[in-house]
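> Sequence unavailable; structure follows:
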């Protein structure tokens, strides 16, 4: 066969191979803006964290990282949008333990599959959960609250940001673990739940250090325990729930990670992970996180997946045993 024919065929095959490569592999990535979907409204804690990190990551990527707020349906609207996006690295998602762990048990049907549709990039942040009572409560400490919950079931009303929230599930896990029962009053968000605690409408609440930090520090609400494994540096006098109950594994958090569509190329995921890791170690961002009241969570993709697996083993059976549903 003539050399010219071979050359033409080689060029044709080369062009065909290039056409079949993923877009991210054929050109320097990113070529344009990266969209970051946040499944919560603008101005909230999740939105603030994403915007802080996006601005820092944009410096390293050399392209804008644009926040796209898609709130509603317990994060399902934002998660669905991310699941249906092209797997080219130009769409990312803030996914929390509600999106990845709770929702598959809370809903009979979801518009996304957390395992089939997403892959982790890395951790973002962990929100510490605090059990608090109204400031003039007769329940002076965690011991008194737990004792009444066992001796007089359902006599203590507690508020949460909503059914199936980490706050709600943390309290229900506590109740089940010690043989107590509390009366759950769900609200549409952390702010109205906290407001009713401050007004004395409810006896107790599980809040987080972002939504409730100022009220807890000022004495408008009285914190009695933290759900974290170790005492919180902002409230060193408070016992952990594990200390109060003697159950060493009794802990709970709200946490967030960065996800991308499952088929996103490895090289793109690695680049995003590197930029996210750099942002999370930035001194200015860590200072902002501390001011907001969250803990940076610089977890690798493998560590995030391990967290998902471990959390499902705890929370999915609890949700199903208690018959908690959002359908």
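Arrived safely, thanks for sending. Being a predicted model, the structure only gives us computed values, none of them experimental.

> alpha carbons only for contacts and neighbour counts from here, please
Noted.

> If you tally nearby residues, what's the number for residue 219?
11 (other Cα atoms under 10 Å).

> So it sits against residue 133, correct?
No - here residue 219 does not reach residue 133: they are 10.5 Å apart, not a contact under Cα atoms under 8 Å.

> Break down the stretch 151-300 of the chain into its strands, ranges please.
157-160, 183-186, 204-208, 221-226, 253-261, 294-296 (DSSP state E, counting those that start in this stretch).

> Ramachandran angles for the nearest residue to residue 190 once chain neighbours are set aside?
Nearest residue to residue 190, sequence neighbours excluded (Cα to Cα, 6 or more residues apart in numbering): residue 161, at 4.4 Å. Main-chain torsions, residue 161, degrees, to the nearest 10: phi -70, psi -10.

> Also residue 64?
Taking degrees, to the nearest 10 as the convention, residue 64 sits at phi -60, psi 150.

> Could you verify my assumption that it touches residue 32?
Yes - Residue 64 is within contact range of residue 32, at 7.5 Å (criterion: Cα under 8 Å).

> Could you check which of these two is surrounded by more residues?
Regarding residue 64 and residue 32, a neighbour count based on other Cα under 10 Å identifies residue 64 as having more, with 18 against 12.

> How much space separates the more buried one from residue 57?
8 Å (Cα to Cα, to the nearest Å).

> The residue nearest to residue 190: what's it in contact with?
Contacts here follow Cα atoms under 8 Å, 6 or more residues apart in numbering; on that basis residue 161 touches 167, 168, 186, 187, 188, 189, 190, 191, 192, 193, 207.

> what angle separates the longest strand seen in the chain from strand 253-261?
Of all segments of type strand in the chain, defined using DSSP state E, the longest is strand 118-134. Here strand 118-134 runs at an angle of 160 degrees relative to strand 253-261 (axes from the mean of the first three to the mean of the last three Cα atoms, to 10 degrees).

> Just the residues contacting the stretch of helix or strand residue 307 belongs to, thanks.
Applying DSSP states H and E as the criterion places residue 307 in helix 301-322. Residues outside helix 301-322 that contact it (Cα under 8 Å, 6+ apart): 97, 100-102, 105-106, 119-123, 169, 173, 257, 325.

> you'd agree residue 150 is up against residue 174?
No - between residue 150 and residue 174 there is no contact under Cα under 8 Å: 11.3 Å.
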